[in-house]
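S.K.: this one's structure only:
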């Protein structure tokens with residue numbers, strides 16, 4: 001069951017690769033493929049972790065959803081000239097909210113694993 005942690009690590013790595021490719025200006029399908037596969041791997045980690053009882057989700061999942069909505073809205077706003085000035089605000093807000101989710105998620109998982117170890 002510990003092998004599912006490679007899903008989250010691999011997914012995060014692919015998303016980081018996608019960000020780096022985007023920054024370097026590489027054209028082609030590699031950036032969206034990297035983001036899509038990385039996001040799918042992270043989602044698979046959450047689903048398998050909950051299914052096998054290794055991950056405990058709570059209210060922090062709302063932060064993840066809200067952060068993703070902000071980031072997707074920022075991507076949409078980037079393509080519209082009238083709202084381009086809001087792009088940076090939405091993107092920054094989405095990244096901050098998702099970072100807060102990650103911090104809370106890790107803290108909760110550490111507590112949950114300690115509880116499992118005690119039982």
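M.R.: Structure's in. What do you need? Here the structure is a predicted model, which means the values were calculated and not measured.

S.K.: In the protein, what residue spans correspond to strands?
M.R.: Chain-ordered strands for the chain, with DSSP state E as the definition, do not occur.

S.K.: mind listing the helices for it?
M.R.: 5-24, 30-51, 61-78, 84-118 (DSSP state H).

S.K.: what's around residue 109, how many residues?
M.R.: Residue 109 is flanked by 15 other residues according to other CB atoms under 10 Å. Just so you know, the C-beta spots here come from the backbone N, C-alpha and C atoms, and that holds for glycine as well.

S.K.: and it, what does it touch?
M.R.: Residues near residue 109 by CB atoms under 8 Å, 6 or more residues apart in numbering: 55, 56.

S.K.: Can you give me the buried ones in stretch 71-81?
M.R.: 71, 73, 74, 77 (16 or more other CB atoms under 10 Å).

S.K.: nope, stretch 31-46 is what I was after
M.R.: 31, 34, 35, 37, 38, 41, 42, 45, 46.

S.K.: got JSON lines for those residues, with pLDDT too?
M.R.: Shown next, in JSON lines, are the buried residues of stretch 31-46 (pLDDT from 0 to 100):
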{"residue": "31", "pLDDT": "90"}
{"residue": "34", "pLDDT": "94"}
{"residue": "35", "pLDDT": "90"}
{"residue": "37", "pLDDT": "94"}
{"residue": "38", "pLDDT": "93"}
{"residue": "41", "pLDDT": "93"}
{"residue": "42", "pLDDT": "90"}
{"residue": "45", "pLDDT": "90"}
{"residue": "46", "pLDDT": "88"}
